[in-house]
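> just coords:
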């Protein structure tokens with residue numbers, strides 16, 4: 001049985017991660033939890049039966065705890081990753097890796113110097129639809145892709161999800177971003193996973209309800225690739241529904257998603273007429289935190305997110321926020 005500890009318990013995904021570990025109690029146990037706010041650590045302890053560590057060093061110095069899960073505020077990631085790397089731990093850190101491109105690239109260097117496992121929360125790579133599109137792109141089935149539209153939106157600001165316990169996530173000084181960075185980083189990860197780095201981009205942000213002060217509640221970005229392909233990314237906390245999150249259009253085929261059903265049209269593929277849902281998607285695979293747990297037990301079906309990938313998402317997102325502030329285009 002593998003032991004792990006939570007160091008930082010403030011992220012909105014912490015309860016879900018705890019449930020995931022508890023559901024795999026034959027394979028994993030939570031040995032300890034620590035947070036600067038002991039009330040947060042106690043919640044993890046109550047759910048798992050673990051001890052609340054009074055000092056972070058007691059976890060880092062324990063050779064029987066080989067892995068740590070960092071669910072802290074984003075502005076604590078650098079200090080916690082520095083400490084965990086120095087202690088020789090396997091590390092899962094929530095996304096985004098850093099508050100800024102600079103601290104993300106510092107963490108990249110630290111993590112790349114370590115022989116131990118690392119991953120972060122880009123779980124969407126395991127989605128059947130995204131894996132299907134990746135396979136089409138690798139095979140060249142869609143021809144030259146000319147435009148992409150991706151969105152990741154929910155009603156968080158409308159429903160007050162960040163009003164109380166998770167309020168820090170709507171404070172860019174602590175979280176490193178607002179709504180656009182919070183949700184946009186997931187689809188930015190998918191875009192970079194599919195196509196690599198763009199050459200230039202721009203973005204616009206908006207605050208509508210003002211529920212969280214001046215924190216951005218929604219945003220949209222345009223990214224341009226060397227071959228002229230244009231990608232549009234939308235993300236935010238202002239949508240009551242998200243019926244059309246995916247469109248990838250190429251010179252030989254097109255894939256879209258409507259109401260959670262994928263549609264595929266390509267003259268070169270029998271049955272791909274785009275008129276009915278495409279039911280030949282690959283199976284889902286583990287991504288994000290479950291994939292990290294799998295990797296603690298042995299090799300996984302897909303590689304973990306690398307430190308370089310995690311840092312690049314920060315670099316590109318930083319540039320997009322800069323573009324929004326200055327009402328300009330930026331180069332990557």
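Yep, it's here. Source: prediction; values computed, not measured.

> how about the nearest residue to the residue minimising distance to the centre of the chain, chain neighbours excluded?
Closest to where the C-alpha atoms of the chain average out (C-alpha atoms, centre = their mean) is residue 122, at 3.4 Å. Computed as C-beta to C-beta, 6 or more residues apart in numbering, the closest residue to residue 122 that is not its neighbour in sequence is residue 189, at 4.3 Å. (Each C-beta comes from the backbone N, C-alpha and C, glycine too.)

> Surely that neighbour is within a strand?
No: secondary structure assignment (DSSP: H, G, I helix; E, B strand; the rest coil) places residue 189 in helix, not in a strand.

> Distance-wise, check it relative to residue 150.
The spacing between residue 189 and residue 150, counted by C-beta to C-beta, to the nearest Å, is 10 Å.

> How about residue 194?
Applying C-beta to C-beta, the value for residue 194 to residue 150 is 10 Å.

> More neighbours: the two, which one.
Set side by side, residue 194 and residue 150 show more neighbours around residue 150, with 24 against 18, by other C-beta atoms under 10 Å.

> ok, and for stretch 249-267, which residues are buried?
By neighbour count, with 16 or more other C-beta atoms under 10 Å as the criterion, the buried positions of stretch 249-267 are 249-250, 252-257, 262-266.

> Pick the one among those closest to residue 80.
residue 257 (36.1 Å; C-beta to C-beta).

> Can you give the distance of the helix or strand containing the closest one from its chain's centre?
Element membership of residue 257, judged by DSSP states H and E, is strand 253-258. Its chain's C-alpha centre and that of strand 253-258 lie 23 Å apart, by C-alpha atoms, centre = their mean, to the nearest Å.

> all strands of the stretch 201-332 of the chain, in order?
Along the stretch 201-332 of the chain, the stretches classed as strands by DSSP state E, counting those that start in this stretch are 218-224, 230-236, 246-250, 253-258, 261-266, 330-331.

> Equivalent analysis for the stretch 1-150 of the chain, please.
With DSSP E, counting those that start in this stretch, the ranges of strands along the stretch 1-150 of the chain come out as 2-9, 28-34, 51-52, 67-71, 90-93, 118-120, 145-153.

> okay, the angle between the first one and strand 28-34?
When you say that, I think you mean strand 2-9. Per axes from the mean of the first three to the mean of the last three C-alpha atoms, to 10 degrees, the angle that strand 2-9 makes with strand 28-34 is 30 degrees.

> The residue nearest to residue 122 and residue 102: what is the separation?
Plainly put, residue 189 is 20 Å away from residue 102 if you go by C-beta to C-beta.

> who's more crowded, those two?
Shown here are residue 189 and residue 102; by other C-beta under 10 Å, residue 189 has more neighbours (25 against 14).

> Kindly state the pLDDT recorded for residue 277?
With respect to pLDDT, residue 277 has a value of 98.

> Torsion angles phi and psi at it?
phi -60, psi 140 (degrees, to the nearest 10).

> where exactly do the helices run in the stretch 201-332 of the chain?
Secondary structure of the stretch 201-332 of the chain (DSSP state H, counting those that start in this stretch): helices located at 288-297, 307-326.

> Now for the closest residue to residue 51 other than its chain neighbours: which residues touch it?
Once flanking residues are discounted, residue 51 sits nearest to residue 32: 5.0 Å by C-beta to C-beta, 6+ apart. For residue 32, the contacting residues are 5-6, 50-53, 58-59, 62, 65, by C-beta atoms under 8 Å, 6 or more residues apart in numbering.

> can you do 7 Å?
By C-beta atoms under 7 Å, 6 or more residues apart in numbering, the residues touching residue 32 are 5, 50-51, 53, 59, 65.

> which residues does residue 183 contact?
By C-beta under 7 Å, 6+ apart, the residues touching residue 183 are 152-153, 235-236.

> go on, residue 204?
219-220, 324.

> gap between it and residue 247?
For residue 204 relative to residue 247 (C-beta to C-beta), the value is 20 Å.

> can you check residue 259 too?
For residue 259, the distance to residue 247 - C-beta to C-beta - is 14 Å.

> quick one on the thing from earlier: distance to residue 141 and pLDDT for the buried residues of stretch 249-267 - can I get that in JSON lines?
Shown next, in JSON lines, are the buried residues of stretch 249-267 (distance: C-beta to C-beta, whole Å; pLDDT from 0 to 100):
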{"residue": "249", "distance to residue 141": "13", "pLDDT": "98"}
{"residue": "250", "distance to residue 141": "8", "pLDDT": "98"}
{"residue": "252", "distance to residue 141": "7", "pLDDT": "98"}
{"residue": "253", "distance to residue 141": "6", "pLDDT": "98"}
{"residue": "254", "distance to residue 141": "11", "pLDDT": "98"}
{"residue": "255", "distance to residue 141": "9", "pLDDT": "98"}
{"residue": "256", "distance to residue 141": "15", "pLDDT": "98"}
{"residue": "257", "distance to residue 141": "17", "pLDDT": "98"}
{"residue": "262", "distance to residue 141": "14", "pLDDT": "98"}
{"residue": "263", "distance to residue 141": "15", "pLDDT": "98"}
{"residue": "264", "distance to residue 141": "9", "pLDDT": "98"}
{"residue": "265", "distance to residue 141": "11", "pLDDT": "98"}
{"residue": "266", "distance to residue 141": "6", "pLDDT": "98"}
